[in-house]
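1. how would this look folded up:
(one chain, ligands or ions: 1)
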Amino acid sequence: MALKTLIRKARANQMNSRFYVTTPIYYVNAEPHLGHAYSTVVADVQNRFHRLIGDETFFLTGTDEHGDKIVQAAHKQGLSPKEYTDKISQKFAETWPLLNIHPDRFIRTTDPQHIKTVQMVLQKVYDQGDIEFREYEGLYCFGCERFLIERELVDGKCPDHKVEPTKLKEKNYFFLMSKYQQWLIDHIKANPDFITPERYKNEVLSFLKEPLDDLCISRPVTRLTWGVPLPFDENFVTYVWFDALINYLTGLDYPDGENFSKFWPAANHVIAKDILKPHGIYWPTMLRAIGIEPYKALHVHGYWKIKEEKMSKSLGNIIRPQWLVENFGADATRYCLMREMSFGLDASFSHQSFVTRINADLANDLGNLLSRSTTMLHKFRQGLVPDEKGIKGPQDDLRNYFANLIPKWQELMTDFQMHNALQEVWKALNMANKVIDTTAPWQLAKDESQSDLLDDVMYCLMESLRLSAVLISPVLPDAAEKIIRSMGFEPETEFSPQGLKWGRLGNGTKVEKLPPLFPRIGPSKKDAKDAQKAQKKSKKDKVKDMAEKEGSKDEFITIDDFQKVHLRVAEIVKAEKHPNADRLLKLTVKAPEERTIVAGIAEHFSPDLLVGKKVVIVANLKPVKLRGVTSQGMLLVAKDESGLHLLEVSSDTEPGAKVS
Ligand code: MSP
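-> Numbering: from 1, shown residues only. Okay, here's the model as predicted:
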């Protein structure tokens, strides 16, 4: 263990001048959701962390815009692929700043520079004999946009998209990946940090135990034109992996760009496990064929799930980053994403777990420490940090703890253990809160002979806050900046290696009081009462239930009667509590025009989980005012013993579609 740490440190010292981080480039067939946001926040946090320790950094993200799926999605919206990709790509680009994410470059696979780079690479690999024309028959998953092998299927279906793959037979171009199989095995074994966490390295190695198939990289233009034309055969386009992966090179202006020579040796890719095979196998073998050194490291994380299902557009259970930011703010969202998922493992999203995390860690631990410490500094030392006295006392624990914490934090962050790094910082915050309780500065202030001890306690508290702000700045940049500025420092000078050292306060540093950084999130007293009320079913409700049961003896109607009711598919775009009624939700739906529907389902569904769902509504119900809000239609639900269930339709149904 000690040796491993030493080797890693030696390597880190050699390499710590540059850091290049990438996210997957996201398909534009869906709008950004929490899963995409997680990878992109990880990359931003890592980028900020490396800048903080003095590295020169480059951060790339973008969108993947070619392929069947994109053309289908464009047609559904009545747009050309170009119009459609422009629209959705922009949504991704606009989402990231909301989360305080600032990539150095946003790349699109439809950028002319990228297309040129892909063609140049294809020609090179073709000329050296690593691409061959062959007939192939296999099982193709349109969701993954690749051929699957039997071994990958679960109950005959693609495990990610839950659909049976289609049998396809086609003549196509193949990249002779199998030529590089043994080289890849040797490279992975010789470089233990090439794919991390370890379980994913093992997964790739176990895959490589079987002979590799060669990789199909083309589509005939008769079937698909939305791809990059092969430079050596105009009847074919390349798309998906041979196109998409090369973005990591175009992003650095490969082959001649200065950024390429500077940053490629420090390339770190962040992905989720869904695209492990393309990144762990296709990409290094492609790089080998092109004649480029492999990337430095692949960092693989797990899935965000909702009720045990992967969050994804095709399963229709997504949480929008915009919604998270509106509800929690950018900093708190970033914090929860980093803290609630152990990098590499799956995590479950729930609104409540985020609220609990924010209240406990941000409002209580950090918020209380900041407000207690600065209030006392103002009360006992006129807001000026006294010089450090370095005397014995409970505050000594803080000095000692930080001396060990800084290298430990750096190692954890380097290893993408953001959740553990944060946990270690929170131990410091809790220790500081305890120091306040045990030293009771308000007592010390009453006794002149304790003046030095009070100085030292105040010094240690304020210095702990300053250092903690530096350590959390990659994850909570806004809060950290506010704390640093309240002490008269600039983030540019503090979020740097010099800011990482204990002992920068003193000499009468003036500290301004700040308003609470993270106000507690409900439930307010009113909400709590309402929740209680909702639990106790009123007599009236019970009577209504009985009546409904009676109603299950169906009466016949004619087809003409039924046709009077216009049922339509509606997409829920916004869901919020009704301002005047606890049991009602106010839904904004698209069907296809936007309208408001008031639904009595507040006790059964949390508003955030409704957004994005495609449901069925009665579209021609006469509008009525329900507690002051006009409802233009009715939402259909099914009711059974366990409660209410939405009548959902498959997520690719157009809003406004007639239900008959
Ligand atoms: N376009 C390809 C990637 C090409 S990279 C050269 C692609 N796009 S994607 O839009 O499907 O994005 C997949 C990535 O989005 C995952 O690898 C992960 O980074 C992120 N996530 C999507 N859903 C996710 C979860 N439910 N949980 C965690 N991350 C998720 O694949």
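
2. Helix, strand, or coil at the closest residue to T225 other than its chain neighbours?
-> Excluding its sequence neighbours, the residue lying closest to T225 (C-beta to C-beta, 6 or more residues apart in numbering) is V237, at 6.6 Å. The C-beta positions use only the backbone N, C-alpha and C, and glycine is treated the same way. Here V237 is strand, with the state taken from DSSP: H, G, I helix; E, B strand; the rest coil.

3. If V237 is in a bridge, with which residues?
-> R219, P229 (DSSP bridges).

4. my read: it touches S218, true?
-> Yes. At 6.7 Å, V237 and S218 qualify as touching, with contact defined as C-beta atoms under 8 Å.

5. Between the two, which contacts overlap?
-> L230 (C-beta atoms under 8 Å, 6 or more residues apart in numbering).

6. Write out the residues of this protein neighbouring the ligand.
-> 24-27, 35-36, 38-39, 64, 244-245, 247, 271-272, 274-275, 303-304, 310-312 (C-beta under 6 Å from any ligand atom).

7. still on that earlier bit, burial count for the residue nearest to T225?
-> 22 (other C-beta atoms under 10 Å).

8. Mind pulling up the pLDDT for it?
-> pLDDT recorded at V237 is 96.

9. ok, which stretches of the stretch 301-450 of the chain are helices?
-> Shown for the stretch 301-450 of the chain, the helices assigned by DSSP state H, counting those that start in this stretch span residues 321-328, 330-340, 351-357, 367-381, 396-414, 418-439, 441-444.

10. mind checking which of the ones you listed is nearest N172?
-> Closest of these to N172 is helix 321-328, at 37.2 Å (criterion: C-beta to C-beta).

11. residue in this protein nearest to the ligand?
-> Proximity of the chain to the ligand (C-beta to the nearest ligand atom) peaks at G35, 2.3 Å away.

12. how much space is there between that residue and A93?
-> Separation of G35 from A93 (C-beta to C-beta, to the nearest Å): 18 Å.

13. neighbour count winner among those two?
-> Ranked by neighbour count (other C-beta under 10 Å), G35 and A93 place G35 first, with 24 against 16.

14. That one is in what secondary structure piece?
-> helix 34-52 (DSSP states H and E).

15. by how many degrees do that helix and helix 330-340 diverge?
-> With axes from the mean of the first three to the mean of the last three C-alpha atoms, to 10 degrees defining the directions, helix 34-52 sits at 100 degrees from helix 330-340.

16. State the next helix or strand along the chain beyond helix 34-52.
-> Defined by DSSP H and E, the subsequent element after helix 34-52 is strand 56-64.

17. Extract the C-alpha set from that following strand and format it as CSV.
-> Only the C-alpha atoms of strand 56-64 are listed here, as CSV (Å, rounded to 0.1, in the frame of the first residue of the first chain):
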residue,chain,number,x,y,z
GLU,A,56,-2.7,23.5,-16.8
THR,A,57,-6.0,22.0,-17.8
PHE,A,58,-8.3,21.5,-20.8
PHE,A,59,-11.9,20.4,-20.5
LEU,A,60,-13.9,19.1,-23.4
THR,A,61,-17.6,18.1,-23.8
GLY,A,62,-20.0,18.2,-26.6
THR,A,63,-22.7,16.4,-28.7
ASP,A,64,-22.7,13.2,-30.9
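
18. and that strand, which strands flank it?
-> strand 18-22 (parallel), strand 26-27 (parallel), strand 105-108 (parallel).

19. what comes up buried for it?
-> Across strand 56-64, burial judged by 16 or more other C-beta atoms under 10 Å covers T57, F58, F59, L60, T61, G62, T63, D64.

20. By average pLDDT, which secondary structure element in this structure comes out worst?
-> helix 539-550 (a mean of 44; mean pLDDT, DSSP states H and E).

21. Now do the next helix or strand after it, average pLDDT.
-> Counting by DSSP H and E, the next helix or strand C-terminal to helix 539-550 is helix 559-563. Regarding helix 559-563, the rounded mean pLDDT is 82.

22. next one: stretch 54-62
-> Mean predicted lDDT for stretch 54-62 stands at 98.

23. and what of stretch 251-260?
-> pLDDT averaged over stretch 251-260 gives 97.

24. and for that stretch, what are the contacting residues?
-> With contact meaning C-beta under 8 Å, 6+ apart, stretch 251-260 is reached by 20, 22, 58, 60, 62, 105, 107, 113, 117, 120, 249, 262-264, 292.

25. Kindly report the same for stretch 240-249.
-> 22, 25, 60, 62, 64, 66-67, 107, 109, 114, 117-118, 121-122, 145-146, 175, 215, 217, 227-228, 255, 260, 264, 267, 269, 278-279, 282-283, 286, 292, 295.

26. Which of those are buried? Put it as a PyMOL command.
-> A single PyMOL command selects the buried members of those (16+ other C-beta under 10 Å):
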select buried, resi 22+25+60+62+64+66+67+107+109+114+117+118+121+122+145+146+175+215+217+227+228+260+264+267+269+278+279+282+283+286+292+295
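
27. before we move on, the earlier item: point out the most buried one among the helices of the stretch 301-450 of the chain.
-> helix 330-340 (a mean of 23; mean count of other C-beta atoms under 10 Å).

28. From what I see, A363 and S371 are in contact.
-> No. Counting by C-beta under 8 Å, S371 is not a contact partner of A363; they are 10.3 Å apart.

29. shared neighbours of these two, which are they?
-> Counting by C-beta under 8 Å, 6+ apart, the residues touching both A363 and S371 are P516.
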